[in-house]
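Novice: Need a 3D model of the following:
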Amino acid sequence: MIDPVAEPPPGPGGLTVGRAASLVGVSVKTLHHWDAIGLVRPGGRTWAGYRVYSDEDVARIHRVLVYRELGFPLAEIGRILDDPSADAQEHLRRQRAQLVERIDRLREMVTAVDRMMAAARGGIRLTVEEQVEIFGDHWQPSWVEEAEQRWGESKQWAQYAERAEARTPQEWKEIVAAADALHADLAAAKQAGVVPGSEEANALAERHRAQQSEYFDCTHSMHVCLGRTFAGDPGFAAYYDGFTPGMATWLRDVIFANAEAHGVDPDTAEWG
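Specialist: Predicted coordinates:
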């Protein structure tokens with residue numbers, strides 16, 4: 001007795017749609033779709049009207065799969081396979097070059113991730129005692145953990161972590177000494193009435209941006225965002241005003257004017 005549900009046998013030298021799908025590793029639904037759009041039409045039918053795929057049909061399916069894996073849209077694959085004037089080899093050569101470029105980018109990304117992981121494992125290579133000695137009695141090592149929770153997913157944090165892990169205690173002392181000198185010069189300039197946008201003020205702004213770039217690459221746009229924080233965040237404002245009253249707001253204005261001189265609108269500047 002014939003099972004009315006079972007897929008009927010193919011004709012001589014052919015495969016039913018189910019067996020063809022299993023052979024090439026796609027679904028029956030996919031082959032039905034490709035048949036409907038004219039991408040791969042089976043060359044024969046059974047006596048009951050079921051699709052039958054010849055060896056040539058299966059070879060075409062394999063070619064479709066190769067092009068699809070390379071990123072070609074189905075419409076373009078059909079054009080390449082059916083147009084005798086289409087240069088399939090040129091398409092493949094071009095796609096191969098793009099794949100090589102993609103592999104190179106992925107290798108670079110893997111290297112960057114490896115560096116980030118190494119940096120995250122290391123962080124500041126200083127004991128708690130060394131941190132307090134270098135950064136001052138007010139320093140709290142927990143601030144680093146709090147900063148990581150806030151910015152740990154950012155590119156800038158990855159840069160900070162990598163650079164922090166590589167620095168020696170002496171290098172940290174030099175960075176802190178340079179920052180202390182900068183803060184003293186900023187306070188003196190504020191007290192002397194240096195006007196934001198002046199040549200002296202712009203030079204100080206660039207020194208401050210360079211000091212921030214010790215930790216991560218600080219663009220003028222990012223510097224503006226920091227300036228907003230210095231004046232708007234109570235903790236930062238208190239820190240800078242501790243050098244001289246009003247320094248937080250003045251420093252923000254200095255940063256804004258310098259950024260504008262470099263083509264960045266302080267009103268629309270964004271992080272990144």
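Novice: Let me know whether Ala205 touches Ala257 as I believe.
Specialist: Yes - with contacts counted by Cβ atoms under 8 Å, Ala205 reaches Ala257, the gap being 7.5 Å. All C-beta spots, glycine's among them, are computed from the backbone N, C-alpha and C.
Novice: Have a look at those two and say which one is more surrounded.
Specialist: The residue with more neighbours, out of Ala205 and Ala257, is Ala205; 26 against 18, by other Cβ atoms under 10 Å.
Novice: With adjacent residues omitted, what lies nearest to that one?
Specialist: Asn258 (3.5 Å; Cβ to Cβ, 6 or more residues apart in numbering).
Novice: contacting residues around the helix or strand encompassing the one you found?
Specialist: Per DSSP states H and E, Asn258 falls inside helix 247-261. With contact meaning Cβ atoms under 8 Å, 6 or more residues apart in numbering, helix 247-261 is reached by 186-187, 190, 194, 196-197, 201-202, 204-206, 208-209, 220-221, 223-224, 226-228, 230-231, 236-241, 266, 269.
Novice: do stretch 178-198 as well
Specialist: Residues outside stretch 178-198 that contact it (Cβ under 8 Å, 6+ apart): 200-201, 204, 207-208, 211, 243-244, 246-247, 250-251, 253-254, 256-258, 260-261.
Novice: same thing but at 6 Å, please
Specialist: With Cβ atoms under 6 Å, 6 or more residues apart in numbering as the contact definition, stretch 178-198 has outside contacts at Glu200, Ala201, Leu204, Arg207, Gln211, Phe243, Thr244, Met247, Trp250, Asp253, Val254, Ala257.
Novice: tell me the contacts of the fifth one?
Specialist: Gln211 makes contact with Ala179, Leu182, according to Cβ under 6 Å, 6+ apart.
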